[in-house]
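J.: model the following, please.
(4 chains)
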2 protein chains.
Amino acid sequence: MPPNKKNTSTRDRLLKVAEMLFAQKGYDSVSVREITTAAHCNLAAVNYHFGNKRALYRHMFRERWMSRAQRILTCFEENLAGRDETSCSSVIQSLAEAFIKGPLTDEERLYHFQLMTRELIKPTDAFDMVAAETMRPFFKTLGQRLRPFLSDTVDEEQAILNIISIIALVIYFNFARVPVSRIIGYAYDEPFKDRLVRHIVQFSLSGMPLKEETR
Amino acid sequence: MPPNKKNTSTRDRLLKVAEMLFAQKGYDSVSVREITTAAHCNLAAVNYHFGNKRALYRHMFRERWMSRAQRILTCFEENLAGRDETSCSSVIQSLAEAFIKGPLTDEERLYHFQLMTRELIKPTDAFDMVAAETMRPFFKTLGQRLRPFLSDTVDEEQAILNIISIIALVIYFNFARVPVSRIIGYAYDEPFKDRLVRHIVQFSLSGMPLKEETR
DNA sequence: GTCTATAGCAGGATAGAC
DNA sequence: GTCTATCCTGCTATAGAC
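T.: All right, here's what the predicted structure looks like:
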């Protein structure tokens, strides 16, 4: 019995392997045969445990992707709790660190963003679930955190565009790691991540129409 | 004979339909049957004109995607030529308009960004071609245009991060149209695109460490 | 250049033994 | 829960008529 089969149920191995393969190749490019082989179990296991391939995908998103997103959100809250909560830069830095450095391994982070990006390009039923239970609450929380710092002269739409812009930077530097690494000429090591977080904080802080100097 | 078959060669119809379907669904999720049916031609046409499915994809990228990217770049240059070239905001505004408003129809733009994003998540051999012939030159041009405005105290890496950040905003607001529209509550109509361009210019202009006030 | 017909294979799913 | 064996559908690609 292969080493990675120890102490894990077939069901859990299937979810783990499915996440990796779906993230890297996309739903249609992965066969059930490929998943079950990599998970060291029988072809029929997917149908036994989840019913069919589509349901495996949904369960994977529910049980793995969303709990991961939750971990990032928790990390954001914890980062913020350890800082001055009344400072706008604290909020942005906590956000950037939760995503760029955060609680995930580099591999997990890669899969996480690949899956999310695939859903953004072509939403499936999993996207509605994620949008309602993860993205919307997260966006709402972030809005409440940042709104107080924005100048009273900005309207609703401008406020939203500013918040989306910060998210855009964080997301982009995560999901475009490969091309960014090609341009800068080296990988995302820890020192670079620190400099990247600093850049994002500085760039978005200056970009926002703030009420007054509350850095 | 269907109306859209008039005055177009089978080859051109195949490329056009292939682009749409590959963009929306991804390479593996589209069958040659689906393409040839939509292009109102025979199943064997793909193999006759391009050899196989993969070669059709490559030709599509070469002949349609890259010429489209060229049109955006040309639009950027034209926008800039009509403005004050010595102003940093002119450069950013020309860039944002070329992408957000630009020479493409909304449909074309959607396919364009879906295809690019798919290549970003999982690069194929088409990506190397695009990176070398389109993205790298574009990034270089943009770098040369913007570098003069950046403060002398910023190093190479900081300059690159700033330029990538501007691109990130432009790209993100394009490829994430669906979720952005959901959040703001309406579609990307022309007035909104104008406000969006203004936001991007303002946000990135303030975010950059400029030499002096050259707005 | 366009068509039909078909080879050859891989896919998802299930029945039923253990 | 896990396995083997198998069904059937749909895929790419090609041969060869027109």
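J.: next structured bit after the helix or strand of chain A with the lowest mean pLDDT?
T.: The helix or strand of chain A with the poorest confidence is helix A:177-184; it has a mean of 90 (mean pLDDT, DSSP states H and E). Next helix or strand after helix A:177-184 toward the C-terminus (DSSP states H and E): helix A:190-207.
J.: what's that next one packed up against?
T.: Contacts defined by 3 or more Cβ pairs under 8 Å, 6 or more residues apart in numbering or on different chains; DSSP states H and E place helix A:190-207 against helix A:88-100, helix A:156-175, helix B:156-175, helix B:190-207. Every C-beta, even on glycine, is put in place using the N, C-alpha and C of the backbone.
J.: buried residues in the least confident helix or strand of chain A?
T.: A:177-180, A:183-184 (16 or more other Cβ atoms under 10 Å in any protein chain shown).
J.: any idea how far it is from the middle of the chain?
T.: 19 Å (Cα atoms, centre = their mean, to the nearest Å).
J.: show me what it is packed against.
T.: Right, helix A:177-184 is packed against helix B:156-175 by 3+ Cβ pairs under 8 Å, 6+ apart.
J.: could I get the buried residue list for the helix it packs on?
T.: B:158-175.
J.: wait, A:Glu34 sits on A:Leu21?
T.: Yes - applying Cβ atoms under 8 Å, one finds A:Glu34 in contact with A:Leu21, separated by 6.4 Å.
J.: compare the two (neighbour count), which wins?
T.: A:Leu21 (20 against 14; other Cβ atoms under 10 Å in any protein chain shown).
J.: so who does that one touch?
T.: A:30, A:34-35, A:38 (Cβ atoms under 8 Å, 6 or more residues apart in numbering or on different chains).
J.: got it, and A:Phe175?
T.: Here A:Phe175 is in contact with A:113-114, A:116-117, B:120-121 (Cβ under 8 Å, 6+ apart).
J.: mean confidence (pLDDT) on the strand or helix carrying A:Arg145, please.
T.: Assessed by DSSP H and E, A:Arg145 sits inside helix A:136-146. In this model, helix A:136-146 carries a mean pLDDT of 94.
J.: now stretch A:78-89
T.: The model assigns stretch A:78-89 a mean pLDDT of 91.
J.: buried set for it?
T.: Under 16+ other Cβ under 10 Å, the buried positions of stretch A:78-89 are A:79-80, A:88-89.
J.: related to what we said a few turns ago, what would the helices and strands packed on helix A:190-207 look like in a markdown table with distance to B:Asn52?
T.: Below are the helices and strands packed on helix A:190-207 laid out as a markdown table (distance: least, Cβ to Cβ, whole Å):
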| stretch | distance to B:Asn52 |
| --- | --- |
| helix A:88-100 | 40 |
| helix A:156-175 | 30 |
| helix B:156-175 | 29 |
| helix B:190-207 | 40 |
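J.: put the alpha carbons of stretch A:145-165 into PDB.
T.: What follows is stretch A:145-165, C-alpha atoms only, in PDB (Å, rounded to 0.1, in the frame of the first residue of the first chain):
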ATOM      1  CA  ARG A 145     -13.800  47.900   7.400                       C
ATOM      2  CA  LEU A 146     -12.700  50.300   4.700                       C
ATOM      3  CA  ARG A 147     -15.700  52.600   4.200                       C
ATOM      4  CA  PRO A 148     -15.000  54.700   7.400                       C
ATOM      5  CA  PHE A 149     -11.700  55.800   5.900                       C
ATOM      6  CA  LEU A 150     -13.100  56.900   2.600                       C
ATOM      7  CA  SER A 151     -13.800  60.600   2.100                       C
ATOM      8  CA  ASP A 152     -17.400  61.600   2.500                       C
ATOM      9  CA  THR A 153     -17.400  63.000  -1.000                       C
ATOM     10  CA  VAL A 154     -17.100  59.600  -2.700                       C
ATOM     11  CA  ASP A 155     -20.300  58.000  -3.700                       C
ATOM     12  CA  GLU A 156     -21.400  54.400  -3.400                       C
ATOM     13  CA  GLU A 157     -20.000  53.400  -6.800                       C
ATOM     14  CA  GLN A 158     -16.700  55.000  -6.200                       C
ATOM     15  CA  ALA A 159     -16.300  53.300  -2.900                       C
ATOM     16  CA  ILE A 160     -17.100  49.900  -4.500                       C
ATOM     17  CA  LEU A 161     -14.600  50.500  -7.300                       C
ATOM     18  CA  ASN A 162     -11.900  51.400  -4.700                       C
ATOM     19  CA  ILE A 163     -12.500  48.200  -2.800                       C
ATOM     20  CA  ILE A 164     -12.600  46.100  -5.900                       C
ATOM     21  CA  SER A 165      -9.300  47.600  -7.000                       C
END
